[in-house]
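**Student:** For reference, the sequence and a predicted model appear below.
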Amino acid sequence: VGRGGFRGTVTDAPDFDASADAETLYNAMKGIGSDKEAILDLVTGRSNAQRQEIVQAYKSSYGKDLIDDLKYELTGNFERLIVSLMRPQAYHDAKEIHDAIKGAGTDEKCLIEVLASRNNQQIHDLVEAYTDAYGSDIEEDVTGETSGHFKKMLVVLLQGTRDEPGVVHADLIEEDAQKHQTFVLLAAGEEQWGTEESIFIMLLGNRSFNHLQMVFDKYQEIAEKSIEDSIKSELSGDFERLMLAVVQCIRSVPMYFAKRLYKSMKGLGTQDNTLIRIMICRSEIDMLDIRECFRMCYEKSLYNMIKEDTSGDYKRTLLALCGGDDDLAGEFFPEAAQLAYKMWETSAMTKVQLRPTIRPASDFDPADDAQNLRKAMKGFGTDEDVIIDIVANRSNEQRQEIRQAFKSILGRDLMKDLKSELSKNLERLIIGLMLTPAEFDAKMMRKAMEGAGTDEHALIEILVTRSNEEIHAMNAAYQDGYKKSMEEAIQSDTSGRFSQILTSLVQGAREQGPADWDRALVDAQELADACNEDSDDMEIKFMSILCTRSFPHLRRVFQEFVRCSNKDIEQIIKKEMSGDVKQAMYGIVRSVKNQPNYIAERLYKAMKCIGTDDRALIRIMVSRSEVDLFNIRKEFKETHDCSLHEFIQVETMVVSFHILHVE
């Protein structure tokens, strides 16, 4: 994004008078209590340069330090926000870095965010301000608290020697892309990297953003996956986070900050430090672009999210810095449309390698496992640890052999024994793992439809994430287990357009294969035209394309839809549709865009509602453990700044989920 010209939300106040402002602040803090509203109105209504003049005027007029007075008068997050606004930007950055390394434990996320996102001049100013404020060298302090490749990359960023914007070494693009690939492949191994790692760090830390954007495109061509996916799958820890942040800033600084802001308010409690830091440092640079990116990626405007997540004077100050509420589903600014188009293109070109968390056990002996399971359930009390250890460390195919061996050797039904010995969620989880995937899916569909009320979210999630083969197997298992076709069950339990969508999906007849470019253009135009028709016709047209085309084809359709309509397909669905039809269409689009991310969001919602939705949690963990749970874990961490493992521990009492290797 970024359209030349000023893209901030806070500007110089006209008719500015530093002495008058100093007096206003002095009066607002005089006597008992302080006039917080007057303080926040004045401070957010001046640019940072003007605030420095006010600090000076305050000292000249009253012989006192304005920042000390503000600290004394105000409290909590409101105080931190107002005091931070009064510091010059470079000194604010310096304080953030100092606090990040000098407090109890190092705040690596703060180091990453500040050093990955600042331009050369901002880095030089920060280095100077740090020495002035703390009398020590920032590089020495940072290297004293960090280690390994993470430390090396931070040192490179602290030099502020990136090529100027627009500098592109056309003859080196392919060579740089090859070097990136060599590095990532080496990183996958455990051997000591030598020059390759240094070259990778040097390239990512010194080439211009324009040059690296071209390198990333070339990399995608060579590796058939994005540089982000490579980093996610091959690196780990703080080094992975830092490299991802650098790459995201190279792609789009406003998009990087939109994601950081979202994470600061999602997940486990609000990360106020992050929220304050970003709102302050971007308010005079690119807050309008960040708002636009936020609107494009999430279901609400930045303004509304701040409004819901904060309170009091703190909230009012943040909203003033945000500068306004964006219409949720308006048209794109030209640059945002280009960014959305590019995001769909990246998604269309990427081949994601799906990785499970459970793999077949080596030295597998079904008879031995069967005997040990029987032993664990015999006599008084049950040895749950033994059951968990066996079941969670075998693939589904191996579990089926254990079921068979249990019957052949012991003449007993393993499923019945497990049901009688285990209780509640552990029983549901272990039984879920022992069923075949088709039996488990059929059972989950059945559970979503039986009893009072239908779990529409479960029906959507299962049907939009399963392949044709998985749907056919599920249909057969449903017929076999419940003596009724799944189609009949859906039609008797749902109605209207929603029922038609599910019926279409349950056929398992989605086209396969790559995108057909010419047809994608036609499909995109048809969807764009349908947006102008009445809602009934629009839903029919969307259903006829979204429920039948292959996922690779739909990625191209959604990409071209941006060009045809200057809108995003997700926002159109959110704005123009409602209820279960909206949820189903939205589920298809999210699944097409990035299926592990869609499932990660379903997990988040299962744990974030009032009381954990254990059934959803079990359904997803069991059904994805041998498909893509590793990818889902990565997406969860990237979106919520908290590992799935931590989240499950905090949000639920179900200790048994560690058995699915969510660490």
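**Tutor:** It's in. For clarity, every value in this text was computed on a predicted model and none was experimentally measured.

**Student:** low-confidence ranges in the stretch 101-250 of the chain?
**Tutor:** Where the stretch 101-250 of the chain drops to pLDDT under 70, the residues are 183-197.

**Student:** C-terminal to the host helix or strand of Lys263, what's the next element?
**Tutor:** Element membership for Lys263 (DSSP states H and E) is helix 253-265. Next helix or strand after helix 253-265 toward the C-terminus (DSSP H and E): helix 272-282.

**Student:** what helices or strands is that next one leaning on?
**Tutor:** With contacts taken as 3 or more CB pairs under 8 Å, 6 or more residues apart in numbering; DSSP states H and E, helix 272-282 sits against helix 76-86, helix 89-102, helix 108-117, helix 253-265, helix 287-297, helix 312-322. C-betas here are computed from N, CA, C, even on glycine.

**Student:** Going by neighbour count, which residues of that helix are buried?
**Tutor:** By neighbour count on 16 or more other CB atoms under 10 Å, the buried set for helix 272-282 is Asp272, Asn273, Thr274, Leu275, Ile276, Arg277, Ile278, Met279, Ile280, Cys281, Arg282.

**Student:** From what I see, the fifth one and Phe78 are in contact.
**Tutor:** What it means is Ile276. No. Using CB atoms under 8 Å, Ile276 is not in contact with Phe78, being 10.1 Å away.

**Student:** Next secondary structure after the helix or strand of the chain with the lowest mean pLDDT?
**Tutor:** Lowest on mean pLDDT, DSSP states H and E among the helices and strands of the chain sits helix 173-188, with a mean of 74. Per DSSP H and E, helix 173-188 leads on to helix 195-206 as the next helix or strand towards the C-terminus.

**Student:** Alpha carbons of that next one, in CSV - could you do that?
**Tutor:** Listed next in CSV are the C-alpha coordinates belonging to helix 195-206 (Å, rounded to 0.1, in the frame of the first residue of the first chain):
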residue,chain,number,x,y,z
THR,A,195,28.7,-18.9,4.7
GLU,A,196,25.2,-19.7,3.4
GLU,A,197,23.5,-18.5,6.5
SER,A,198,25.7,-15.3,6.6
ILE,A,199,24.8,-14.6,2.9
PHE,A,200,21.1,-15.1,3.6
ILE,A,201,21.2,-12.7,6.6
MET,A,202,23.2,-10.2,4.6
LEU,A,203,20.8,-10.3,1.6
LEU,A,204,17.7,-10.0,3.8
GLY,A,205,19.2,-7.2,5.9
ASN,A,206,20.8,-5.1,3.1
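
**Student:** any idea of the angle the helix or strand just after it forms with helix 195-206?
**Tutor:** Once helix 195-206 ends, the next helix or strand along the chain (criterion: DSSP H and E) is helix 209-223. Helix 209-223 runs at 140 degrees relative to helix 195-206, counting by axes from the mean of the first three to the mean of the last three CA atoms, to 10 degrees.

**Student:** Relative to the whole chain's centre, how far out is helix 209-223?
**Tutor:** 22 Å (CA atoms, centre = their mean, to the nearest Å).

**Student:** relative orientation of that helix and helix 253-265 in degrees?
**Tutor:** 80 degrees.

**Student:** Would you indicate which residues of stretch 284-300 are buried?
**Tutor:** Within stretch 284-300, the residues that count as buried by 16+ other CB under 10 Å are 284-298, 300.

**Student:** Kindly report the same for stretch 461-470.
**Tutor:** Quick answer for stretch 461-470 (16+ other CB under 10 Å): Glu461, Ile462, Leu463, Val464, Thr465, Arg466, Glu470.

**Student:** returning to that earlier point: of the helices and strands packed on helix 272-282, which is nearest Lys582?
**Tutor:** Nearest to Lys582, of all the helices and strands packed on helix 272-282, is helix 287-297, at 17.8 Å by CB to CB.

**Student:** quick one: contacts of that closest one?
**Tutor:** With contact meaning CB atoms under 8 Å, 6 or more residues apart in numbering, helix 287-297 is reached by 1-3, 7-10, 252, 254-255, 257-259, 261-262, 278-279, 282, 301-303, 305, 321-324, 326, 328, 332-333, 335-336, 339-340, 568, 571.

**Student:** give the contact list for Ala100.
**Tutor:** With contact set as CB under 8 Å, 6+ apart, Ala100 has these partners: Thr106, Asp107, Glu108, Cys110, Leu111.

**Student:** From what I see, the last one and His98 are in contact.
**Tutor:** Looking back up the chat, that one is Leu111. No. Leu111 is not in contact with His98 according to CB under 8 Å; the separation is 10.9 Å.

**Student:** So for these two, which residue has more residues nearby?
**Tutor:** Leu111 (24 against 16; other CB atoms under 10 Å).

**Student:** Scan this protein for its longest helix.
**Tutor:** helix 579-608 (DSSP state H).

**Student:** now could you export just the CA positions of the helix or strand Tyr478 falls within as CSV?
**Tutor:** Tyr478 is part of helix 468-482, with elements assigned from DSSP H and E. Below are the C-alpha coordinates for helix 468-482, written out as CSV (Å, rounded to 0.1, in the frame of the first residue of the first chain):
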residue,chain,number,x,y,z
ASN,A,468,-14.1,-35.9,-2.7
GLU,A,469,-12.6,-39.2,-1.7
GLU,A,470,-13.1,-38.4,2.0
ILE,A,471,-16.7,-37.3,1.4
HIS,A,472,-17.5,-40.5,-0.5
ALA,A,473,-15.9,-42.6,2.3
MET,A,474,-17.9,-40.6,4.9
ASN,A,475,-21.1,-41.1,3.0
ALA,A,476,-20.6,-44.9,2.9
ALA,A,477,-19.7,-45.0,6.6
TYR,A,478,-22.8,-42.9,7.4
GLN,A,479,-25.1,-45.2,5.4
ASP,A,480,-23.5,-48.3,7.1
GLY,A,481,-23.6,-46.9,10.6
TYR,A,482,-27.0,-45.2,10.6
